[in-house]
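**Q** fold the following for me, if possible:
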Amino acid sequence: MEVDIKDEASVIAPAAAGFWRRTAAFLVDALLLGIVGMLAGWALFDVFARMGGYGRLLGFIVALAYFGMMNSARFSGQTLGKRLLRVRVVGQDGSLLSLPKSLLRYCVLGIPFFLNRAPIDVAALPTPFAYGLSLVVLGGIFSILYLYLFNRRGRRSLHDLAAGSCVVTASMPVGLVKPAPVWRVHLVVVGVLLAASAALPALTGPLAQNASFAGLLSAHKAILAQPGVQNAQVVHNMAFGSDGTASVKSVVAQVSLIDRRTKDAALAEHIARILLANDKTASSMSAIHVTLVHGYDIGIASSWNAERYRFTPEALAADGAATASGSAK
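**A** Numbering: from 1, shown residues only. This is a model prediction of the structure:
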């Protein structure tokens, strides 16, 4: 089949897969991987739970194998979702992607999202790693979403640019359609997003000097040091008045446990006392909330058991005084 292409853009535009068709294909693939992940989690719940943050690495490897293989020439550039929606991935010259390029394509797409919720203590990272992590995660996610939404000519996002690929309708013969060039303004915006993301740690660094934030960091480290604690998140719950002023109303801790001790009220109270001792602002708050969780998150699926506990600084202080009085007697 010979086609006289006088204007490449006129051929590229109708051939590029539309936003909704491409999104639907991805949702189908995500659903399929999610079902696989949930079935594996049902059989290996405790194994995944003990993996902690490394579970997301396992999920990434599974997703990389699926998208990397299926989007390559070995499977005609089509995942199951793309086959259902009748679209495919092609390369720079219009041919199907080689396996290495297809793997690269998904790495650029998947790494920022799988790292996004990984339990990494950014405050403990050396400065260069913190900058790099912010660049990869925030810069990658913002750039991917921006290009996917606003680069209407060809709908090529960051991972497509890295691999020299595009997603086209499956009805177009392989080799006929080549990726459309990206408008330079989009590239400038992506550059700004990446630069701003890389510089973000320098802007947030001074927050660590704030007394309130320093108290949260101290409490976070103390909780992580407790036996059986796998990960923890500690934040201040803000409330806004009718005049727009913000005030801290409570401190909230979510503690991930290695074992199934979510119904351990004594442990929750112990965590609350740690918060009270390390976060100097906690004593003036209305409540201290502690959530004990046990479960897994492998990126493509997650499952958690959780128990929530509420304490007041006054009750904790009174119990502590009563305990101290009893010990003195």
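**Q** wait, is W42 part of a helix?
**A** Yes: W42 forms part of a helix when assessed by DSSP: H, G, I helix; E, B strand; the rest coil.
**Q** for it, give me its contacts.
**A** With contact set as Cβ atoms under 8 Å, 6 or more residues apart in numbering, W42 has no partners. For the C-beta atoms, the positions are set from N, CA and C on the backbone; glycine is no exception.
**Q** against E307, how distant is it?
**A** The spacing between W42 and E307, counted by Cβ to Cβ, to the nearest Å, is 21 Å.
**Q** same deal with N116?
**A** 26 Å.
**Q** and R261, by the same measure?
**A** R261 is 9 Å from E307, by Cβ to Cβ.
**Q** element containing the nearest residue to G140 once chain neighbours are set aside, please.
**A** Spatial nearest neighbour of G140, chain neighbours left out: P112 (3.1 Å); criterion: Cβ to Cβ, 6 or more residues apart in numbering. Assessed by DSSP states H and E, P112 sits inside helix 99-116.
**Q** just F26 next, same as before
**A** Residue-wise, F26 maps onto helix 19-43 under DSSP H and E.
**Q** may I have the very next helix or strand once past that helix as PDB, with CA atoms only?
**A** Going down the chain from helix 19-43, the next helix or strand is helix 45-51, by DSSP H and E. Only the C-alpha atoms of helix 45-51 are listed here, as PDB (Å, rounded to 0.1, in the frame of the first residue of the first chain):
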ATOM      1  CA  PHE A  45      -0.900 -11.200  52.400                       C
ATOM      2  CA  ASP A  46       1.600 -11.700  55.300                       C
ATOM      3  CA  VAL A  47       4.500 -12.000  52.800                       C
ATOM      4  CA  PHE A  48       3.600  -8.800  51.100                       C
ATOM      5  CA  ALA A  49       3.000  -7.100  54.500                       C
ATOM      6  CA  ARG A  50       6.500  -8.000  55.700                       C
ATOM      7  CA  MET A  51       8.000  -6.600  52.500                       C
END
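**Q** hmm, who's touching helix 45-51?
**A** A40, G41, G55, L58, I258, H294, G295, Y296, I298, S303.
**Q** isn't the second one right next to Y296, touching?
**A** This means G41. Yes: the pair G41 / Y296 is scored as a contact, 6.1 Å apart, by Cβ atoms under 8 Å.
**Q** quick check: neighbours shared by the two?
**A** Shared contacts of G41 and Y296, counting by Cβ under 8 Å, 6+ apart, come down to F48, S302, S303.
**Q** next, the contact list for the residue most central in space within the chain, please.
**A** By Cα atoms, centre = their mean, the chain has its centre lying nearest to N116, at 2.9 Å. By Cβ under 8 Å, 6+ apart, the contact set of N116 is V137, I141.
**Q** same question for A301.
**A** L33, G34, V36, G37, M38, A40, G41, G59.
**Q** of those, keep whichever come out buried.
**A** L33, G37, A40, G41, G59 (16 or more other Cβ atoms under 10 Å).
**Q** any chance of the contacts of helix 45-51 in JSON lines, with pLDDT and distance to S143 too?
**A** JSON lines is the format used below for the contacts of helix 45-51 (pLDDT from 0 to 100; distance: Cβ to Cβ, whole Å):
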{"residue": "A40", "pLDDT": "96", "distance to S143": "31"}
{"residue": "G41", "pLDDT": "96", "distance to S143": "31"}
{"residue": "G55", "pLDDT": "92", "distance to S143": "26"}
{"residue": "L58", "pLDDT": "95", "distance to S143": "26"}
{"residue": "I258", "pLDDT": "93", "distance to S143": "36"}
{"residue": "H294", "pLDDT": "96", "distance to S143": "35"}
{"residue": "G295", "pLDDT": "95", "distance to S143": "31"}
{"residue": "Y296", "pLDDT": "94", "distance to S143": "29"}
{"residue": "I298", "pLDDT": "95", "distance to S143": "25"}
{"residue": "S303", "pLDDT": "95", "distance to S143": "31"}
